[in-house]
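*Asks:* fold the following and give me the result.
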Amino acid sequence: MALFHHIDVRVMWPDTDPAGIVWFGVFFRYFENAEEDLYRRLGSDRTRLLQTLRVFMPRTSLQSRFRSPAKLGDELAVSVGVGEITGARIGFAFEIHERDTGRFICDASYRVACVDAATNAATYFVDRNVDAGRGSNVAIEIGDDRITYAEVLARVNRVASGLRRIGVRPEERVALLLADGPEFAYSFFGAIKMGAIPIPLNTLWKPADYAHVLHDSRAAAAIVSEDLLAAVDAVPAANRRTLRHVIAAGANARPPAHLRFDALLEQGDADCDAEPTSRDAPAFWLYSSGSTGAPKGCVHLQHDMVVCAELFGKGILGITERDRTFSVAKLFFAYGLGNALYFPFSVGATTIFWPGPPTPVNVYAVIERHRPTLFYSVPTGYAMMLAHGRPEGDGSADFDLSSLRLAVSAGESLPATLYERFKQRFGVDIVDGIGSTEALHMFISNRPGAIRPGSSGQIVAGYDARILDEAREAVPSGAIGNLWIRGDSTCAAYWNQHEKTKGTIEGHWIRTGDKYSVDADGYYWYAGRSDDMLKVGGQWVSPVEVENALVAHEAVLECGVIGREDHDGLTKTMAFVVLREGARGSPELAKELQQFVRTHLAAYKRPQWVEFLPELPKTATGKIQRYRLREMAAAAR
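*Replies:* I've put the predicted structure just below:
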């Protein structure tokens, strides 16, 4: 590492954290004295650097809670330098020594993601792989098909130029209602490349949901899988007045009223210039799951995917071009979009698509056939895999997951017992974390070699977090509060939702709507949604804590916990339980589960009522719809 700047500082407060020294004592003077040298080395402009560095702090000493032996009045020498400049990442490092003796005190490093001021995300994730000599790498595997990056580039260009040819203009919206497959990749990046705004849509929605989104977004075109055309055709004409083109994708697509996707490719050219955009221009929208109302359109910018790929894909997962990724979460989810598309495309790796339902039989079959190294699912998916028996014919054999170097979980909190059972059965670690559609991907996560089961992990370098009470004051360590996040992948706004935007995004910070606590080691612990916390006997109860206790019981597959008033009008906990195969619900088992929770948690957290269900109501992203459980509880009274 070439250290390029050196500053002497005097400790002005006792028990100084080295990160505090750098941030408060060095960083501002660093900008004043050393930025020109960094600009020269980056070959970049001032705007790029200032925009990418404004929110980042060193994390190493903060996470370890290491305290400097420096005392009030000590004079220290601090050296700050650039450790790496690779692609979209800058690595910084600092060292602190006593000024007179040279005695080493501490060092730390951190990194930031940066994006060129003139950026089209499609060229970064597609063209760049071919330019870097990875054109022959397999980009996509689906069934027996293998599609290289050179082939992806040619088809992305054909979609981009084809959309231009039929009259789609820059910044017009293009809805994507597509199953996981090559057409999704071509359409998503093709729309971005010609300057349009792709909007991936949930393939599990109903026509009313599509009617809302097509009307709200004023989409000019829609690219739709053939088996989903009926849902779009069922949208009333008044809700799709702006929709000029419906393009049907699929080998058997023969709709007389719609342009075929193959015909769109034929109209396009294999070479296509990217629309000149900027890092802060809109790139794509993602509509939230809408568990508390109509779906909201999150406006994401050209640089957002690069930030997530650098900070989580490379920074946490260590993804390289040798990896092979398989995501149970579909591409229309923010989680799946990163897992299965722009993470592997950021390094020239291979993504494995599976367009069918993610049943345990299908998931195991894809893993054994295609041999991924990175596997992504949600807690419910892992529970279903564990509940599925061993392969037929050999009682001692199990499914072969030996190709996996790491598994990843998100969407809801992963109970510690699920992590431990998966690790024991397959020998594979699950990295659990939390992200959101608004932040695009994960901002808090466990990481390989530093997993604390049951927690969401530590803050991902490049993001900041704070836990505040209702008065916007920081809560003490270990206390539960509202989680706020700051990072450069956060969406710019909710489309057509000005008041909702102001209520969620405040300056650089976004309120996630999640309740969390953070322990002394910097691990974050999920306590539920802000509107799900229960006050029982005058004390706060986290539904997630009770759920985690229940799923540790051998008979429980999954469960949801809510609050319900008793005959005195007092709130008590109520559990809805889904049992594992072979277990049968009964009053005796309900009492056993109540006692099981009581032996693990405080008595007031024990469920007053236990109801057995065949399945839990959930959003499309796999989150429990507690309001539905509350409705069920009210109807049963």
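*Asks:* for the protein, which element, helix or strand, carries the lowest mean pLDDT?
*Replies:* helix 60-64 (a mean of 30; mean pLDDT, DSSP states H and E).
*Asks:* check the offset of stretch 472-488 from the chain's centre.
*Replies:* 19 Å (CA atoms, centre = their mean, to the nearest Å).
*Asks:* and what of stretch 174-194?
*Replies:* Relative to the chain's own centre, stretch 174-194 is displaced by 19 Å; criterion: CA atoms, centre = their mean.
*Asks:* could we number from 534 for the rest of this?
*Replies:* All right, first residue 534 from here; so that's stretch 707-727.
*Asks:* measure that stretch end to end?
*Replies:* One end of stretch 707-727 sits 11 Å from the other (CA to CA, to the nearest Å).
*Asks:* stretch 811-830 now?
*Replies:* Stretch 811-830: ends 21 Å apart by CA to CA.
*Asks:* in it, which residues are buried?
*Replies:* 812-824, 828-830 (16 or more other CB atoms under 10 Å). C-beta coordinates here come from the backbone N, C-alpha and C atoms, glycine included.
*Asks:* ditto for stretch 953-967
*Replies:* Of the residues in stretch 953-967, 954-955, 959, 962-967 count as buried by neighbour count, 16+ other CB under 10 Å.
*Asks:* same thing with stretch 1012-1026?
*Replies:* Buried residues in stretch 1012-1026, counted by 16+ other CB under 10 Å: 1013-1024, 1026.
*Asks:* now do stretch 1112-1121
*Replies:* Quick answer for stretch 1112-1121 (16+ other CB under 10 Å): 1112, 1116, 1118.
*Asks:* go on, stretch 841-860?
*Replies:* Buried positions in stretch 841-860, judged by neighbour count with 16+ other CB under 10 Å: 841-850, 852, 856-860.
*Asks:* wait, which of those residues is closest to Thr1037?
*Replies:* Thr1037 lies nearest to Cys841 out of the buried residues of stretch 841-860, by CB to CB, at 19.1 Å.
*Asks:* residues contacting the closest one?
*Replies:* 871, 875-876, 973-975, 1022 (CB atoms under 8 Å, 6 or more residues apart in numbering).
*Asks:* output the buried residues of stretch 1112-1121 as a markdown table; include the columns distance to Arg1159.
*Replies:* A markdown table is the format used below for those (distance: CB to CB, whole Å):
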| residue | distance to Arg1159 |
| --- | --- |
| Leu1112 | 20 |
| Ala1116 | 23 |
| Gly1118 | 20 |
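*Asks:* just give me the closest of those residues to His1041.
*Replies:* Leu1112 (45.4 Å).
*Asks:* beta partners for that closest one?
*Replies:* Judged by DSSP bridges, the bridge partners of Leu1112 are Val1089.
*Asks:* and if you look at Val1143?
*Replies:* Bridge pairing for Val1143 (DSSP bridges) gives the partners Ala1108.
*Asks:* let's verify Ser1050: helix, strand, or coil?
*Replies:* strand (DSSP: H, G, I helix; E, B strand; the rest coil).
*Asks:* what's the pLDDT at it?
*Replies:* Per-residue confidence (pLDDT) for Ser1050: 95.
*Asks:* surely it touches Pro1009?
*Replies:* No: using CB atoms under 8 Å, Ser1050 makes no contact with Pro1009, being 9.5 Å away.
*Asks:* which one's more surrounded, the two?
*Replies:* Ser1050 (20 against 9; other CB atoms under 10 Å).
*Asks:* list the contacts of the more buried one.
*Replies:* 1000, 1008, 1011-1014, 1057-1058, 1060.
*Asks:* do the same with Pro1076
*Replies:* Taking CB under 8 Å, 6+ apart, we find Pro1076 in contact with 1061, 1065-1067, 1093-1095, 1106, 1159.
*Asks:* got the buried residues for stretch 775-794?
*Replies:* For stretch 775-794, the buried set under the neighbour-count rule, 16+ other CB under 10 Å, comprises 776, 778-783, 786, 791-794.
*Asks:* Glu1032: which of those is nearest?
*Replies:* Once CB to CB is applied, the member of the buried residues of stretch 775-794 that ends up nearest Glu1032 is Leu776, at 27.2 Å.
*Asks:* neighbours of the nearest residue to Val899 once chain neighbours are set aside, how many?
*Replies:* Nearest non-adjacent residue to Val899, counting by CB to CB, 6 or more residues apart in numbering: Trp887, 5.1 Å away. If you count neighbours by other CB under 10 Å, Trp887 ends up with 23.
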